[in-house]
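J.: sequence unknown, structure follows:
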């Protein structure tokens, strides 16, 4: 780098440019967030259309997130080979196809296929967001753009909750996904205004690394998603296989963790031999970067768990509509958006370590408050305020941790940072949703079993009909219909409804307490995040720091001439 280019680069850091590129990138991010956010709110519509249990919607979300997390590292390399702008536009076109499949789906199988296709498209698109931002913005404007990217996710989630809830209540859930078809096509057209990036066609894809990463993500996600169906430790009767009598679920989770270690070891060997690994290990080589990934896993998982549990609470326990659920969740999403955008103002006052610890405390307190506040009778103001508390902590963390990862690595690794973010957030989304469903159903089954043992009034014949291996979250109305169909006496129906209502509420509250405990636990490792205030020291990756110091010294020498 000569002196003249150093001067120009330094000046460009402070130069503000048009937000047009961010608008296009934001529309792409919002498109993909809208789709997955609309799924839990459309729960009633899926149940009515396909006659499935409400927790099946959680499986759809897991499948979508799993498709992204498993292949996002491969998607990042495709962006480098063919150009991020081209991949961005192609994936949005594929998204239009997936949303067309959702709109006209005639079975749950088509819904699964559509969400897998959408997930595969997003796996290639997600890394391009970071690359396109890094290519379009510098310095403080880049930090603001990264904050906006996190805020846009919250804003799109809020819009999805509102529109999906309204359309599911007033018309059909299908109209929600029909709206995304012209949206996706519009983003394809607007993508032509993004700045093209230089392609690197000579990059060779690490296919073994891609296989190891994909298998690790798939095993971990499927393991968590089937803890209830296959057993927490010992195998249940309906398992596909039982190694030594154990449930396949925990075995798959352990195997997934082993495969992650194998992937990292293989990547180190590939890099040492001078070949390009699937993920540039520089983006996770320092302890602060690894802590940021861990913290991101937890906070995204907690957010997904909450947005899955809330529709269960409002629509199944409270018997309210999807639109009402959306209304209740809008303040939460607004809080996430506001915190994600405004937290950058504290970077000059508090260190990342302080912000992360305070934010996890706020999230934990919010979850504890929700667990205490949830009742069989809805409390509007109290629950909404506590959702806002959780949203503030979540929004602050998402932007902070993303910025820590981006600023810690040189610009040429932006695609790898994007793929790391995509893998982390979508694996966390799949695990968070699956964990919430597993907690709910598992605790629900235990509660119902305890209530039925030696029950003084319910007949033994009725208790024997309860299949404890297939307990699911069910509304009082559906339970009454089922019991009436069996010819159960009215007084026994009333008692069964009471047991179901109490068991559901206890399951929900205990699940929230568990999630609060998880947030509290992460406060300790969050101490590994950087402890400097922005502006005190030249932050970032050592290579970035050296480059900045060199640029400054050359600039000063030139001015002194």
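T.: Right, received. Where do you want to start? In this text the structure is predicted, and so the values were computed from the model without any measurement. Residues are numbered from 1 along each chain as shown.
J.: when you work out contacts or count neighbours from here on, use the C-alpha atoms and nothing else.
T.: Will do.
J.: which strands or helices does the helix or strand residue 135 falls within pack on?
T.: Secondary-structure element containing residue 135, defined by DSSP states H and E: helix 108-136. Packing partners of helix 108-136 (3 or more Cα pairs under 8 Å, 6 or more residues apart in numbering; DSSP states H and E): helix 20-41, helix 56-82, helix 84-103, helix 139-170, helix 414-452.
J.: I'd like these as a markdown table, with mean neighbour count, distance to residue 193 and mean pLDDT appended.
T.: Rendered in a markdown table, the data for the helices and strands packed on helix 108-136 read as follows (neighbours: other Cα atoms under 10 Å; distance: least, Cα to Cα, whole Å; pLDDT from 0 to 100):
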| stretch | mean neighbour count | distance to residue 193 | mean pLDDT |
| --- | --- | --- | --- |
| helix 20-41 | 23 | 7 | 92 |
| helix 56-82 | 26 | 17 | 86 |
| helix 84-103 | 23 | 9 | 96 |
| helix 139-170 | 23 | 17 | 85 |
| helix 414-452 | 25 | 20 | 84 |
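J.: distance to residue 523 for those helices - can I get that in JSON lines?
T.: Supplementary listing: the helices and strands packed on helix 108-136 in JSON lines, determined by distance: least, Cα to Cα, whole Å:
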{"stretch": "helix 20-41", "distance to residue 523": "27"}
{"stretch": "helix 56-82", "distance to residue 523": "25"}
{"stretch": "helix 84-103", "distance to residue 523": "36"}
{"stretch": "helix 139-170", "distance to residue 523": "21"}
{"stretch": "helix 414-452", "distance to residue 523": "18"}
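J.: of those, which is nearest residue 322?
T.: With Cα to Cα as the measure, helix 139-170 is the member of those nearest residue 322 (4.4 Å).
J.: ok and that closest one relative to helix 20-41, angle-wise?
T.: An angle of 30 degrees separates the directions of helix 139-170 and helix 20-41 when computed by axes from the mean of the first three to the mean of the last three Cα atoms, to 10 degrees.
J.: name the surrounding residues that touch the helix or strand following helix 139-170.
T.: Later in the chain than helix 139-170, the nearest helix or strand by DSSP H and E is helix 173-178. With contacts defined as Cα atoms under 8 Å, 6 or more residues apart in numbering, helix 173-178 is touched by 35, 38, 42, 45-46, 99-100, 102-104, 163-164, 167-168.
J.: which of those sits closest to residue 293?
T.: Checking the contacts of helix 173-178 against residue 293 by Cα to Cα gives residue 35 as the nearest, at 24.4 Å.
J.: got a list of what the closest one touches?
T.: When contacts are taken as Cα under 8 Å, 6+ apart, residue 35 is in contact with 160, 177, 180.
J.: now do it against residue 60, distance only.
T.: Relative to residue 60, residue 35 is positioned 12 Å away (criterion: Cα to Cα, to the nearest Å).
J.: same thing with residue 66?
T.: Counting by Cα to Cα, the gap from residue 66 to residue 60 is 10 Å.
J.: least trustworthy helix or strand in the protein by mean pLDDT?
T.: Taking mean pLDDT, DSSP states H and E as the measure, the chain has helix 542-560 as its least confident helix or strand, at a mean of 39.
J.: average pLDDT across stretch 532-539?
T.: Taken as a whole, stretch 532-539 carries a mean pLDDT of 55.
J.: quick one: the helices in the stretch 251-400 of the chain?
T.: The residue ranges that make up the helices of the stretch 251-400 of the chain, judged by DSSP state H, counting those that start in this stretch, are 287-311, 322-342, 352-373, 380-407.
J.: among the ones you listed, which is nearest residue 450?
T.: helix 352-373 (21.0 Å).
J.: ok so, going back, residue 348: which of the helices and strands packed on helix 108-136 is closest?
T.: If we rank these by Cα to Cα, the stretch that ends up nearest is helix 139-170, at 11.7 Å.
J.: out of the helices and strands packed on helix 108-136, nearest to residue 284?
T.: Evaluated with Cα to Cα, the helices and strands packed on helix 108-136 place helix 414-452 nearest to residue 284, the distance being 8.9 Å.
J.: so that closest one versus helix 287-311, what angle?
T.: 40 degrees.
J.: in the helix or strand following helix 414-452, what's buried?
T.: Elements were assigned by DSSP H and E; along the chain past helix 414-452, the next helix or strand is helix 460-464. Neighbour counts over helix 460-464 (16 or more other Cα atoms under 10 Å) mark no residue as buried.
J.: and helix 460-464, what's its mean pLDDT?
T.: Here helix 460-464 scores 73 as its mean pLDDT.
J.: so what touches it?
T.: Contacts made with helix 460-464 from outside it, assessed by Cα under 8 Å, 6+ apart, are listed as residue 452.
J.: does anything pack onto the helix or strand immediately after it in the chain? Which helices or strands?
T.: For helix 460-464, the succeeding helix or strand toward the C-terminus, using DSSP H and E, is helix 476-485. Here helix 476-485 touches helix 490-522, going by 3+ Cα pairs under 8 Å, 6+ apart.
J.: the helix it packs on: how far from the chain's middle?
T.: Counting by Cα atoms, centre = their mean, to the nearest Å, helix 490-522 is centred 24 Å from the centre of its parent chain.
J.: and the angle for it with helix 414-452?
T.: Per the same axes, to 10 degrees, the angle that helix 490-522 makes with helix 414-452 is 140 degrees.
J.: helix 490-522: which residues count as buried?
T.: In terms of neighbour count (16+ other Cα under 10 Å), helix 490-522 has its buried residues at 493, 496-497, 500-516, 518-520, 522.
J.: start and end of stretch 275-291, how far apart?
T.: Stretch 275-291 has an end-to-end distance of 27 Å (criterion: Cα to Cα).
J.: point out where the stretch 101-250 of the chain drops to low pLDDT.
T.: Under the criterion pLDDT under 70, no range of the stretch 101-250 of the chain is flagged.
J.: what's the spacing between residue 239 and residue 215?
T.: 20 Å.
J.: of the two, which one has the most company?
T.: For residue 239 and residue 215, the more surrounded residue by other Cα atoms under 10 Å is residue 215, and the numbers stand at 19 against 15.
J.: for the more buried one, which residues are in contact?
T.: By Cα under 8 Å, 6+ apart, the contact set of residue 215 is 70, 256, 259.
J.: name the SS class of the residue nearest to the first one when sequence neighbours are not counted, please.
T.: Spatially, and ignoring its direct neighbours in sequence, residue 70 is nearest to residue 214 (4.1 Å; Cα to Cα, 6 or more residues apart in numbering). With DSSP: H, G, I helix; E, B strand; the rest coil as the basis, residue 214 sits in helix.
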